Each structure stands twice: as structure tokens, then as C-alpha cells.
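Enquirer: Next input, structure requested:
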Amino acid sequence: MYAIVDVNSRQYKVKQGQEIYVDLQSAEVGSALTFDKVLLADNEGNITVGTPVLRNASVSAKVLDHVKGDKVIVFKKKRRKGYRVKKGHRQRFTKIRIESITI
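Expert: Take a look at the predicted model:
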């Protein structure tokens, strides 16, 4: 059984017990989250597609941790002008575990 769920305008294919990284959520570690925007659900070959979302379907998850991703280097340069700028960025993520999928 799997579902495609919309979390902060990004779509994820999730299964029960799976651990995924999503954009930073404003929830404490150990708390439960519920995602109501289920776009598609597959229950052992029985596929249900929403228009645009499924009614009475939800995915519940548990927050495991808040982490930072790998550093991305942004380097800008204009030749012959003496202009060089080097900046870094680390995106923040929330690690969640999918507890249950209800259709």
C-alpha cells in the first residue's frame, strides 16, 4: 500500500514505516503530523485517484528530527572587474516516519 501526498506543494510517494525528509515543519520532535492532501492511493492493486484530492484520506506521520542538508556553494564572478562573492547555504529539513495511511 502506498500513497502520493502533497506536503508544502511537493509531492512524495510514501509507504507505511518509511522515513522521508520534507521541508521544515513547525512541529516539535516526537509530535504527530497529519497530511490531508492525498492525491493518489494504491491498496494492493486497487488504485484510487483524487480530483484533485481524495476525500476522507489522510497520512499520519511522526516527527523524528530536524536536520540540515548538505552545503550548497554559490559563487559569483565578473571577469576583469575584481568582483568575486562566495556564499554557502544549508537547507533545513524535517525527518518524519509514516505511521499510517487511511483511505
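Enquirer: Give me the spatial nearest neighbour of the spatially most central residue of the chain, chain neighbours excluded.
Expert: Nearest to the geometric centre of the chain sits residue 22, at 2.7 Å (C-alpha atoms, centre = their mean). Once flanking residues are discounted, residue 22 sits nearest to residue 7: 4.9 Å by C-beta to C-beta, 6 or more residues apart in numbering. Where you see a C-beta, it was placed from the backbone N, CA and C, and this is true even at glycine.
Enquirer: re earlier: show me what contacts the residue nearest to the centre of the chain?
Expert: Contact analysis of residue 22 by C-beta atoms under 8 Å, 6 or more residues apart in numbering lists 7-8, 10, 12, 93-94, 96.
Enquirer: Any idea what the residue nearest to residue 22 is bridged to?
Expert: In this entry, residue 7 is beta-bridged to residue 10, by DSSP bridges.
Enquirer: where does it land on pLDDT?
Expert: For residue 7, the pLDDT comes out at 94.
Enquirer: Verify the stated contact: it with residue 21.
Expert: No - checked against C-beta atoms under 8 Å, the pair residue 7 and residue 21 is beyond contact range at 10.6 Å.
Enquirer: With neighbour count and distance to residue 67 added, can I get the contacts of residue 22 in JSON lines?
Expert: JSON lines is the format used below for the contacts of residue 22 (neighbours: other C-beta atoms under 10 Å; distance: C-beta to C-beta, whole Å):
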{"residue": "7", "neighbour count": "19", "distance to residue 67": "16"}
{"residue": "8", "neighbour count": "10", "distance to residue 67": "16"}
{"residue": "10", "neighbour count": "9", "distance to residue 67": "17"}
{"residue": "12", "neighbour count": "17", "distance to residue 67": "17"}
{"residue": "93", "neighbour count": "17", "distance to residue 67": "5"}
{"residue": "94", "neighbour count": "21", "distance to residue 67": "8"}
{"residue": "96", "neighbour count": "26", "distance to residue 67": "11"}
